[in-house]
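quick one: sequence plus predicted model below, questions after.
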2 protein chains.
Amino acid sequence: METILKENERIDDLQLKGLKIIQNPDGFCFGIDAVLLSNFSQITKGGVVVDLGTGTGIIPLLVAGKSSARKIYGVEVQETVADMAQRSVLLNALSGRIEILNINLKDVHQHVEKGAADVVISNPPYMPAGGALVNPGSYKAISRHEVLCTLEDVVSSASTLLKEKGAFYMVHRPSRLVDIICLCRKYKLEPKQVRFVHPREGKEPNILLIKCVKSGNPELRIMPPLYVYGEGEAYTSEIYDIYAQVNIDVFDKRGND
Amino acid sequence: METILKENERIDDLQLKGLKIIQNPDGFCFGIDAVLLSNFSQITKGGVVVDLGTGTGIIPLLVAGKSSARKIYGVEVQETVADMAQRSVLLNALSGRIEILNINLKDVHQHVEKGAADVVISNPPYMPAGGALVNPGSYKAISRHEVLCTLEDVVSSASTLLKEKGAFYMVHRPSRLVDIICLCRKYKLEPKQVRFVHPREGKEPNILLIKCVKSGNPELRIMPPLYVYGEGEAYTSEIYDIYAQVNIDVFDKRGND
């Protein structure tokens, strides 16, 4: 089993139907955002799913574990990271359902037919490009800043991939909600549901989950807030329920910066 | 004092610096929405304020009571209602600060100079026009449905009235947030702050408060939720604090339908 790992990598047990994921604790670990997003996303039975910016493949793995999706594409531009995702697919014997595409998500239509997706999911870079980056070529910079793709690229690609009435699920920062809403409507992805995630009661949210429907009717539902922490450092029961199927120890706190 | 009242009208004490308001309990009472909006709005010292769709003038009265605004315009298209607002201004000897304009808010620029306002406030009709209205000419239909003005008219008028960096405060329904955000950005009113008002914990919000800044930088803050009810039918302490300056008995429950 160890031959599938490269330097500094380890295998974490997702505790969901025996699924495992290859991660690098020094840089390539998924965060709470990906878990919340997977939980928030409703997957069409037997459907086609595309995850834009899949990183180490956590969302395709969780979607494969929790749903009957027929085909799940994970799109990742960074070769090192896409390679880890690909090895996790092999490790879990999921090559029949998950395909990792090592391409820029702007080019996804050359690999996945337009209008073929029932569901598109994305945990994209949160920060606009510009501003000084210490190392704009680093994994962290590319996964957190809009260096290689913008929010508009993500929304535009999602819209092109989706069939009519298909669903787009994204996790992002509340501070970008205006950009998100305006871009989604521009590309005919009508926002239908938003849930804000707050660190705890009385605090402003630092994560948002949004569901859009391609060519959906205008009417937004704001869900009750989701609180991460209750008393002290203890998670709320709702977070425990969401985490229940996934190994809590492998989370970093990226979503709670 | 009674000569200032017409049939079915009464005078309610706002318990704020001795202010009183003329209302008609059968149709023309202000709701929780107006109180929350007044509380949410930050008024520029010595500034010019315009309230678009002022109804019986509750917002100009509360703003006059809580701030040092130099001039407050209340714009109301319905003659009967504008007349009540005008008599409340007289009753409170506020003619020097509050001016009621009995015009359609689309025409407000003919009466208030463009770019003259520091703050624009609005509690507009929430429902799109269209759909069957029993009586589209009634006060309630006009104040609740976009019969005589649309959301776009409100946003457009607000933008024209405001000076650069002036603030626009509005109360509305969360289900319309996408329309609100897209229209505000279209008219250069950048959404800066949103607060959702939930009937109680665990419930979806049914009211939203939004602050936009003309030509503001893009960065939205979502505030912690405001809950109206705590245990049973008791208001939360935050609602009590907001209501503390205003006679709680005169509220109808329009905002909590």
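In hand now; what should we look at?

count of neighbours near the residue of the stretch 1-150 of chain A at minimum distance from chain B?
Using Cβ to the nearest Cβ, residue A:128 is the residue of the stretch 1-150 of chain A that sits closest to chain B, at 9.0 Å. Glycine gets a C-beta too; all of them are placed from N, C-alpha and C. Number of residues near residue A:128 (other Cβ atoms under 10 Å in any protein chain shown) recorded here: 13.

excluding sequence neighbours, find me the nearest residue to it.
Of all residues not flanking residue A:128 in the chain, residue A:146 sits nearest, at 5.5 Å (Cβ to Cβ, 6 or more residues apart in numbering or on different chains).

and the stretch 51-200 of chain A, which of its residues are near chain B?
Taking Cβ under 8 Å from any Cβ of the partner chain as the measure of proximity, the stretch 51-200 of chain A contacts chain B at A:174-179, A:181-182, A:185, A:190-191, A:194, A:196, A:198.

narrow these to those in strands?
Within these, residues falling in strands by DSSP state E are A:190-191, A:194, A:196, A:198.

can you tell me which residues contact residue A:215?
By Cβ atoms under 8 Å, 6 or more residues apart in numbering or on different chains, the residues touching residue A:215 are A:164-165, A:188, A:190.

rewinding a little: am I right that the residue of the stretch 1-150 of chain A closest to chain B is in contact with residue A:144?
No. Under the criterion of Cβ atoms under 8 Å, residue A:128 makes no contact with residue A:144, lying 10.9 Å away.

what about the helices in the stretch 101-250 of chain A?
Remark: helices assigned in the stretch 101-250 of chain A by DSSP state H, counting those that start in this stretch are A:139-144, A:151-161, A:177-186, A:237-243.

can you redo these as JSON lines with distance to residue B:32?
Shown next, in JSON lines, are the helices of the stretch 101-250 of chain A (distance: least, Cβ to Cβ, whole Å):
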{"stretch": "helix A:139-144", "distance to residue B:32": "41"}
{"stretch": "helix A:151-161", "distance to residue B:32": "36"}
{"stretch": "helix A:177-186", "distance to residue B:32": "25"}
{"stretch": "helix A:237-243", "distance to residue B:32": "28"}
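
so for the spatially closest residue to residue A:77 that is not a sequence neighbour, what's the pLDDT?
Distances taken as Cβ to Cβ, 6+ apart place residue A:104 nearest to residue A:77, at 4.7 Å, with adjacent residues excluded. The model reports residue A:104 with a pLDDT of 95.

ok, now how distant is the residue nearest to residue A:128 from residue A:194?
Residue A:146 sits 21 Å away from residue A:194, taking Cβ to Cβ, to the nearest Å as the criterion.

how about residue A:149?
22 Å.

and what of residue A:221?
Distance from residue A:221 to residue A:194, by Cβ to Cβ: 8 Å.

looking at the two, which one has more neighbours?
More crowded of residue A:221 and residue A:194, by other Cβ under 10 Å: residue A:194, with 24 against 15.

so the more buried one sits against residue A:209, correct?
Yes. Counting by Cβ under 8 Å, residue A:194 touches residue A:209, with 7.0 Å between them.

what about residue A:22, neighbour count?
The number of residues packed near residue A:22 is 24, by other Cβ under 10 Å.

let me know the pLDDT of it.
For residue A:22, the model assigns a pLDDT of 92.

and the pLDDT at residue A:235?
Note on residue A:235: pLDDT of 89.

look up how far residue A:109 lies from the spatially most central residue of chain A.
In chain A, the residue lying closest to the centroid (Cα atoms, centre = their mean) is residue A:123, at 3.4 Å. Going from residue A:123 to residue A:109 by Cβ to Cβ gives 20 Å.

equivalent analysis for residue A:148, please.
Using Cβ to Cβ, one gets 17 Å for the distance from residue A:148 to residue A:109.

can you give me the angle the helix or strand harbouring residue A:37 makes with strand A:189-198?
For residue A:37, the host element (DSSP states H and E) is helix A:32-40. Counting by axes from the mean of the first three to the mean of the last three Cα atoms, to 10 degrees, helix A:32-40 lies at 120 degrees to strand A:189-198.

contacts for stretch A:57-65?
Counting by Cβ under 8 Å, 6+ apart, A:14, A:16-17, A:19, A:21, A:30, A:34-35, A:37-38, A:41, A:43, A:49, A:51, A:54, A:69, A:72-74, A:76, A:84-86, A:88-89, A:92, A:94, A:97-98, A:100, A:121, A:123, A:245-246 sit against stretch A:57-65.

show me those that map onto helices.
A:34-35, A:37-38, A:84-86, A:88-89 (DSSP state H).

ok, the closest residue to residue A:85 other than its chain neighbours - how many residues close by?
Spatially, and ignoring its direct neighbours in sequence, residue A:85 is nearest to residue A:57 (3.2 Å; Cβ to Cβ, 6+ apart). Here the count is done by other Cβ under 10 Å, and residue A:57 has 29 residues near it.

show me the shaky parts of chain A.
A:1-2, A:27-28, A:130-137, A:245-257 (pLDDT under 70).

show me where it has strands.
For chain A, the strands defined by DSSP E cover A:10-13, A:20-23, A:48-52, A:71-75, A:98-101, A:117-122, A:162-172, A:189-198, A:207-214, A:221-222, A:226-227.

give me whichever of those is most buried.
Greatest average neighbour count among the strands of chain A goes to strand A:48-52 (a mean of 28), per mean count of other Cβ atoms under 10 Å in any protein chain shown.

what about stretch A:128-145, start to end distance?
Stretch A:128-145 has an end-to-end distance of 6 Å (Cα to Cα, to the nearest Å).

the closest residue to residue A:224 other than its chain neighbours: how many residues sit nearby?
Using Cβ to Cβ, 6+ apart and skipping residues adjacent in sequence, the residue nearest residue A:224 is residue B:202, 5.2 Å away. Using other Cβ under 10 Å, residue B:202 is surrounded by 9 other residues.

distance from stretch A:221-231 to the middle of the chain?
The chain centre lies 19 Å from the centre of stretch A:221-231; the measure is Cα atoms, centre = their mean, to the nearest Å.

who's in contact with it?
Under the criterion Cβ under 8 Å, 6+ apart, residues A:32, A:36, A:192-201, A:205, A:235-239, A:256, B:174-175, B:177, B:196, B:198, B:201-205, B:208, B:225 lie in contact with stretch A:221-231.

picking up where we left off before, how about the helices of the stretch 101-250 of chain A, which one is nearest residue B:169?
The stretch from these with the least distance to residue B:169 (Cβ to Cβ) is helix A:177-186; that distance is 16.4 Å.

how big is the angle separating the closest one from strand B:189-198?
Using the same axes, to 10 degrees: helix A:177-186 against strand B:189-198 is 100 degrees.

quick one: the nearest residue in space to residue A:163 that is not next to it in sequence from residue A:107, how far?
Leaving out its chain neighbours, the residue that sits closest to residue A:163 by Cβ to Cβ, 6+ apart is residue A:115, at 4.9 Å. From residue A:115 across to residue A:107, the span is 17 Å (Cβ to Cβ).

swap in residue A:232?
With the distance defined as Cβ to Cβ, residue A:232 ends up 47 Å from residue A:107.

settle it for me: which of these two has more neighbours?
Neighbours were counted for residue A:232 and for residue A:107 using other Cβ under 10 Å; residue A:107 has more, 12 against 6.

tell me the contacts of that one?
Residue A:107 neighbours (Cβ under 8 Å, 6+ apart): none.

once you drop chain neighbours, what's closest to residue A:119?
Here the residue nearest residue A:119, using Cβ to Cβ, 6+ apart, is residue A:49, at 4.6 Å.
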